[in-house]
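**Student:** any chance you could fold what I've pasted below:
(chains A and B)
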Amino acid sequence: MASVSSRRLRKELSEIHVEGCPCGIKLISADDFETWFFSIEVLGESLYQGEVFNLMFRFDANYPISSPAVQFVVDKDHQAPIHPHVYSNGHICASILGTEWSPVLSVTAVCVTLQSMLASCKAKERPVDNDRYVRTAPDNPKKTRFQYHGETIRSHATQENVS
Amino acid sequence: MSSDYEYSDEDVDYYDDEDEDMLSPQDDDSDPSDEEMDMDTFGDDFKVPQRAARKSYEVEHESLPQAAVVKLKAADIEHISGIFGVDASTASLLLRYMNWNKERLIEKYMDNASAVSVAAGISPPPKAPASSSAAGPERSQGTSSGARSAPAPKPEPFVCPICFDDSQTAFSALSCDHRFCAGCWNAYITSKIREEGEHAIRCMAEGCSTIAPDPFIHTALGAGSATRERFNELLVRHFVSSNPNLKYCPYPSCTYTVSCPAAASKSALTTIVPTVICGADATPPHKFCFGCAIDSDHRPVICGVAKMWLKKCRDDSETANWIKSNTKECAKCQSTIEKNGGCNHMTCKKCKHEFCWVCMGPWSEHGTAWYSCNRYDEKAGVDARDAQSRSRVSLERYLHYYNRWANHEQSAKLSLELYNKTEKKMEEMQITSELTWIEVQFMKKAVDEVEKCRMTLKWTYAMAYYLEKSNEKELFEDNQRDLEQAVEELSELLESPIDADAISTLRQKVTDKAVYVSKRNEIMLEDTAKGFLEGRWTWNVSVEGFD
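**Tutor:** Okay, here's the model as predicted:
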């Protein structure tokens, strides 16, 4: 029954191999149809000049009906960008990963959206509720119910108690 | 107590007729207007019950089984579809968008039909000419086979942009013409309904706000699927929750809906207590308040006051009040101390501070005056005492009402226990004596009556607590006293020993008393309800909806 999600991911992958990723985005690994890694950097004038971040995509069997779980990789080699909608644990508060997700969006489309989110950043700062959120955040960002404010990507996290 | 016969005469004839339905205390008294209580109007038809002589503490309402609600919903849809000249699925989307507010929908639609259609997700925004607003969804729901075949001139294979399956040529689309395969539609719609409980299902395309009309969803899900049932249920649920005249019966797994237009507005709740009974054939009947979340009959007091009282009882505020009235703090270590006896020379157990309970000053200043405090009348001492006694008075006042409130609740429970014990006894008597089952039923009837009246009494104490002192309140309390006295007398009769020889006398006494009690209850409820309608009651606090 892995058919739809794996067929779809196989197709996306072959498209990436044939057409390549959009500028500034590179596929690092896609060994299975569960977890993919990309590197992402903002080209041109921006606050993140010269910085490269890694993105992790996790897919469940309902992809693309349900959105992928997307976050920045945070480990000894990688940091999450300092951005008002990116928490220091790598979780991203973007409405297209939640309520605004549409099954026609693809992995590269998400990368491009996040790239432009970084490119348009005016001030490098953490979300106001960063400390509180990171302390209690679930492992999977999809379990957080973000509240999106104003523009499509504005947000603050509210913790949903998943017991 | 049993010497109270003043009300018996007029009712004797009635009680001789023991064939009456003994289980329904509401039918007890001989008031002919009681016929209206018959719940004969709960069929599928919507005839308005004829309640010519409705009592002022009762509210007109109607219980609707599930099928009737579905019919009501269909009637609304048909009405709109007739007025606008659109098909039923479009009318349904329009109504859902407007939360089933027909008047507002008509007004808005007449003003700008295409804008409303776009906002309701019926037609895609700009490209569509305004005239297509009504005909919009017809394209997608015209074919009942669900997956609409690609237009004839283009037999090219269709690749679904979601699953990338290129082996099929069939697809379906909403009026926005975003095409997806049947499998993806099914998976998407199922997840929306099952996981999110969503009835307004948007097109899968990014940023597209077209909403799938009912027939589209039905065909996408296929006949007889559980999800399809769930979808229809969600629609009915949305209809009921949007409609202020309707409320689901709150009893677990009850499927009835009650319609009570009289209590639909917030302002109506300052003058009536909309206690309603749903049509489910249950014992005891499903009785609940249409106006608030209290799941019992809280007559005669209105929702706002009942809520306030329950909140007060739940709050810790009175515990704090008690501590304030009964304790003082050690001047040195601030430990809370309750004085439960002895003289005024206090020694704090914790820090060994010695002080005077009356003036709170250190004991060393009192010299040898062990039993009196000569600093008693100093201003600081007087003020402290005043504040304390004020808080004590308010606590006492609250406790006065609370104790009576709680007592009636407790007694109602106890009398049911008593009944169970008595019933056993009666069953034995039935075997040993010549009494028939029907003849020993008077106890049950009386216990029911006592329980009902205790509930009334209980809530009258909540009401009295908030009533401003006035002549009206005095009349209210007179009624309350009369009812309480009668209930206690009947209660006592129920406790009296039963033996076979005296049973007919006891039965007479109990039935007579029950009738009297029922009358007093009637008066209590009737007069209080009238008082609300006439605006007779004034409150000692500000109550929602009153000036």
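
**Student:** quick check: closest non-adjacent residue to the closest residue to chain A within the stretch 1-150 of chain B.
**Tutor:** Nearest residue of the stretch 1-150 of chain B to chain A (C-beta to the nearest C-beta) works out as residue B:121 at 14.7 Å. (Each C-beta comes from the backbone N, C-alpha and C, glycine too.) The shortest distance from residue B:121 to any non-neighbouring residue, by C-beta to C-beta, 6 or more residues apart in numbering or on different chains, is to residue B:211 (3.1 Å).

**Student:** what is the neighbour count of that neighbour?
**Tutor:** Neighbourhood size, residue B:211 [other C-beta atoms under 10 Å in any protein chain shown]: 22.

**Student:** wait, it touches residue B:118, no?
**Tutor:** No. Between residue B:211 and residue B:118 there is no contact under C-beta atoms under 8 Å: 10.8 Å.

**Student:** if we can go back for a sec, in which helix or strand would I find the residue of the stretch 1-150 of chain B closest to chain A?
**Tutor:** Residue B:121 belongs to no helix or strand when elements are defined using DSSP states H and E.

**Student:** repeat that for residue A:117.
**Tutor:** helix A:107-119.

**Student:** tell me where the model's unsure across the chain.
**Tutor:** Here I'm looking at chain A. A:1-3, A:147-163 (pLDDT under 70).

**Student:** switch to chain B, please.
**Tutor:** In chain B, residues with pLDDT under 70: B:1-53, B:126-156, B:316-318, B:320-321, B:324, B:341-342, B:365-385, B:433, B:500, B:547.

**Student:** quick one, domains of it?
**Tutor:** B:1-52+B:388-547, B:70-242, B:330-376 (automatic domain parsing).

**Student:** next, count neighbours for the closest residue to residue A:123 other than its chain neighbours.
**Tutor:** Counting by C-beta to C-beta, 6+ apart, residue A:84 is the residue found nearest to residue A:123 once chain neighbours are left out, at 7.3 Å. When neighbours are counted by other C-beta under 10 Å, residue A:84 registers 19.

**Student:** picking that back up, can you count the residues close to the residue of the stretch 1-150 of chain B closest to chain A?
**Tutor:** Other residues close to residue B:121 by other C-beta under 10 Å number 26.

**Student:** which residues touch it?
**Tutor:** Neighbouring residues of residue B:121 by C-beta atoms under 8 Å, 6 or more residues apart in numbering or on different chains: B:93, B:97, B:200, B:202, B:209, B:210, B:211.

**Student:** phi first, then psi, for the second one.
**Tutor:** It stands for residue B:97. The phi/psi pair for residue B:97 (degrees, to the nearest 10) reads phi -60, psi -40.

**Student:** and it, how far is that from residue B:239?
**Tutor:** Counting by C-beta to C-beta, to the nearest Å, the gap from residue B:97 to residue B:239 is 13 Å.

**Student:** nearest to residue A:135, out of the domains of chain B?
**Tutor:** domain B:70-242 (28.2 Å; C-beta to C-beta).

**Student:** quick check: what element follows the helix ranked longest in chain A along the chain?
**Tutor:** If each helix of chain A is counted by residues according to DSSP state H, the longest one is helix A:3-19. Proceeding N to C from helix A:3-19, the next assigned helix or strand is strand A:25-29, under DSSP H and E.

**Student:** contact partners of that following strand?
**Tutor:** A:16, A:21, A:36, A:37, A:38, A:39, A:40, A:54, A:108, A:111, A:112, A:115.

**Student:** which members of these are classed as buried?
**Tutor:** A:16, A:21, A:36, A:38, A:39, A:40, A:54, A:108, A:111, A:112, A:115 (16 or more other C-beta atoms under 10 Å in any protein chain shown).

**Student:** quick check: the fifth one touching residue A:51?
**Tutor:** No. Under the criterion of C-beta under 8 Å, residue A:39 makes no contact with residue A:51, lying 10.7 Å away.

**Student:** ok, residue B:514 - contacts?
**Tutor:** Applying C-beta under 8 Å, 6+ apart, we find residue B:514 in contact with B:28, B:442, B:445, B:446, B:449, B:490.

**Student:** out of these, who has the most neighbours?
**Tutor:** Busiest of the contacts of residue B:514 [other C-beta under 10 Å] is residue B:446, holding 28 neighbours.

**Student:** helix/strand/coil for that residue?
**Tutor:** Assigned by DSSP: H, G, I helix; E, B strand; the rest coil, the conformation of residue B:446 is helix.

**Student:** same thing with the one 10 residues further on?
**Tutor:** Here residue B:456 is helix, with the state taken from three-state DSSP.

**Student:** so which of residue B:97 and residue B:239 has more stuff around it?
**Tutor:** residue B:239 (24 against 19).

**Student:** and residue 109, how many neighbours?
**Tutor:** Answering for chain A, as no chain was given. Using other C-beta under 10 Å: residue A:109 sits among 15 other residues.

**Student:** my question was about chain B, not that one.
**Tutor:** Residue B:109 has 22 nearby residues by other C-beta under 10 Å.
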